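1. A structural model of the following input is requested.
(chains A, B, C and D)
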2 protein chains.
Amino acid sequence: MLQTLHRQDGAPRMTPSPSCAGCGHASVCQASGYDRAELSGLRHIAERIGPLRTGEYLYRPLSPFRAVYAVQSGMAKTVAVDVAGREQVLAFHLPGELIGLDAIDRELHDNAVVALGKTQFCRFPYHAIRQVATSQPDVPWHLMHAASQRITRLQLSGGNYLAEERFAAFLVDMRDRRAVLGLSADYLPLPMSRADIGNHLRLTTETVSRLLGRFRQRGMISLDRQGLHVTDLKTLRELGQSLLMH
Amino acid sequence: MLQTLHRQDGAPRMTPSPSCAGCGHASVCQASGYDRAELSGLRHIAERIGPLRTGEYLYRPLSPFRAVYAVQSGMAKTVAVDVAGREQVLAFHLPGELIGLDAIDRELHDNAVVALGKTQFCRFPYHAIRQVATSQPDVPWHLMHAASQRITRLQLSGGNYLAEERFAAFLVDMRDRRAVLGLSADYLPLPMSRADIGNHLRLTTETVSRLLGRFRQRGMISLDRQGLHVTDLKTLRELGQSLLMH
DNA sequence: CGTTTGCTTGATGTACATCAATCCCCGTGG
DNA sequence: CCACGGGGATTGATGTACATCAAGCAAACG
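-> Here you go, the predicted structure:
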């Protein structure tokens, strides 16, 4: 289970707004750039959703696209389901990361988003975003940057690499994203199942388990029930370097 | 491995062009939506580049991001090179498809774009796009749609599927994209090497060759030196359906 | 508690890679 | 015109990274 996020003590407060005033998760929005004055309109249209609990859906495949979302606290996964019923975990989302940009083009969500542990979301209605964009021209470019980043990430993760490289890169990537957000970085909570991790990395649960064991044996990580501790980031980063952004 | 990156050298020649009037490739731009009045500004900032020949670069890794591009005629590939020197073919680009959106976020191209056969490009300087966007607010949203589409495609292709499924989906996808652009759809020119196709699909040249042979034997395609003819689209689409958009 | 559910660990299987010829174009020079 | 060379394509034999199958185990949960 994920605990509630703690606000950074020395972090500057963001400007109060109808929706975001008093939100306990301001620091992650700041880390994601939502506190910039040119994007202030986004704060005013944000709606809170949740908390959702493990396995509950934010949206389902084939639901119409009406908004983009961001995790506020907790963690979520995006899952695609194909015609044969096979599932594919496309991403794990940390607080502040935009969800649903892939649905803009066809105005249709072809994926599901599922909460992993108690999770809260922010909802940004698309019509409101378009409205805000007319007075704040940086807004669409902010989305564009988020989309650009997502494309870069997907391109890297699509590559043909060994299980060990992909898994190391996965851990380091998650660590780095948490560091940017001001969350505990050496400790990674893993509210998703081994099956989810494996599916995401095109591996089986057994292989994930074996990799975790191997990394633990080599002193790169230490495991507990809720997640893992990164104890040798340098080695881990070297293993995954081909798959990581610089 | 792939030698193309080291084969040819030479800076692309650029021809400034105030508008698209008289461009012989207007139909593909039309198919891609560039003829809409709300995007007319894009036509006025387009510059022609090329023609480039097989193996010549549009841009190289680590070059600064100053523009997005579109293929005008011919075909191109995007190639990522990691720290270990391994290459990964990320995409093959048909006329009208935007190239370089992944570089917007970090203002840096971490990939190369290489011509496959005699290929012409359109260049859209980023500062000019931003300028045009101030008077034509649909412009950033057009890019956003292109990015959204790219994300959807990458998510699909990242999945864990059999070689046969991926290859069938690749052929059908290319066929469908050509159909949208008004190009010959049953006939697919393949100016890239088997190695390029295989690399893109996480397969070896040998496997690509065997798949082509198998598909030919089953009467799904017929091969010639320059490309292939799709003779049983239905079966091909069924094979690849899990990986295709609907 | 017992049952369930997910995790771990070992033995065996397989899709595809790798290795290795051979073939087939196509360009080049005589 | 043909001889020759070389890079890509095909085809077959063998290897391997990871999946699949199978069994035990430990935490979670009613």
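
2. partners of residue A:109 in the sheet?
-> Residue A:109 has these beta-bridge partners by DSSP bridges: residue A:63.

3. show me the beta-bridge partners of the spatially most central residue of chain A.
-> The centre of chain A sits closest to residue A:93, judged by CA atoms, centre = their mean, with a distance of 1.7 Å. Beta bridges link residue A:93 to residue A:76, judged by DSSP bridges.

4. surely it meets residue A:111?
-> No - assessed by CB atoms under 8 Å, residue A:93 is found out of contact with residue A:111, at 11.6 Å. For glycine as for every other residue, the C-beta is placed from the backbone atoms N, C-alpha and C.

5. and the nearest residue to residue A:187 once chain neighbours are set aside, what are its bridge partners?
-> Nearest residue to residue A:187 in three dimensions, chain neighbours excluded: residue A:229, at 5.4 Å (CB to CB, 6 or more residues apart in numbering or on different chains). Beta-bridge pairing for residue A:229 (DSSP bridges): residue A:187, residue A:222.

6. can you count the residues close to residue A:229?
-> Residue A:229 has 13 neighbours, counted by other CB atoms under 10 Å in any protein chain shown.

7. export stretch A:61-71 as PDB, just CAs?
-> What follows is stretch A:61-71, C-alpha atoms only, in PDB (Å, rounded to 0.1, in the frame of the first residue of the first chain):
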ATOM      1  CA  PRO A  61     -11.000   0.900 -23.300                       C
ATOM      2  CA  LEU A  62     -13.400   2.400 -25.900                       C
ATOM      3  CA  SER A  63     -14.500   5.200 -23.500                       C
ATOM      4  CA  PRO A  64     -14.700   8.600 -25.300                       C
ATOM      5  CA  PHE A  65     -11.900  11.000 -24.800                       C
ATOM      6  CA  ARG A  66     -13.000  14.000 -22.700                       C
ATOM      7  CA  ALA A  67     -10.000  14.800 -20.600                       C
ATOM      8  CA  VAL A  68      -6.400  14.200 -19.900                       C
ATOM      9  CA  TYR A  69      -5.400  13.200 -16.300                       C
ATOM     10  CA  ALA A  70      -2.400  13.200 -14.000                       C
ATOM     11  CA  VAL A  71      -1.700  11.100 -11.000                       C
END
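
8. show me how far the helix or strand bottoming out on mean pLDDT in chain A is from its chain's centre.
-> The least trusted helix or strand in chain A, going by mean pLDDT, DSSP states H and E, turns out to be helix A:26-31, with a mean of 81. Relative to the centre of its chain, helix A:26-31 is centred 14 Å away, using CA atoms, centre = their mean, to the nearest Å.

9. just to revisit the earlier point, what sits in contact with each of residue A:93 and residue A:111?
-> residue A:78 (CB atoms under 8 Å, 6 or more residues apart in numbering or on different chains).

10. under a three-state scheme, what state does residue A:96 occupy?
-> Secondary structure, DSSP: H, G, I helix; E, B strand; the rest coil: residue A:96 is coil.

11. mind checking how far it is from chain B?
-> Separation of residue A:96 from chain B (CB to the nearest CB, to the nearest Å): 15 Å.

12. next: residue A:133.
-> Applying CB to the nearest CB, the value for residue A:133 to chain B is 7 Å.

13. give me the pLDDT value at the residue lying closest to residue A:32 once chain neighbours are set aside.
-> Excluding the flanking residues, the one nearest residue A:32 by CB to CB, 6+ apart is residue A:96, at 3.7 Å. Residue A:96 carries a pLDDT value of 90.

14. for residue A:96, give me its contacts.
-> Contacts of residue A:96 (CB under 8 Å, 6+ apart): A:28, A:29, A:31, A:32, A:34, A:70, A:71, A:181.

15. and which of these is nearest residue B:238?
-> Nearest to residue B:238, judged by CB to CB, of the contacts of residue A:96 is residue A:71 at 37.3 Å.

16. quick one: is the helix or strand hosting that closest one near DNA strand C?
-> Using DSSP states H and E, the element containing residue A:71 is strand A:67-81. No - Strand A:67-81 is not in contact with DNA strand C by CB under 7 Å from any atom of the strand; minimum separation 13.2 Å.

17. how far does that strand sit from the chain's center?
-> Here strand A:67-81 is found 7 Å from its chain centre; the criterion is CA atoms, centre = their mean.

18. what mean pLDDT would you report for it?
-> 95.

19. top helix in chain A by residue count?
-> The longest helix of chain A (DSSP state H) is helix A:138-157.

20. mind listing what's buried along the helix or strand following that helix?
-> Sequence order places helix A:163-180 as the next helix or strand after helix A:138-157, per DSSP H and E. Under the neighbour-count criterion of 16 or more other CB atoms under 10 Å in any protein chain shown, helix A:163-180 has A:163, A:165-175, A:177-178 buried.

21. can you check stretch A:91-102 too?
-> Neighbour counts over stretch A:91-102 (16+ other CB under 10 Å) mark A:91, A:92, A:93, A:94, A:95, A:96, A:97, A:98, A:99, A:100, A:101, A:102 as buried.
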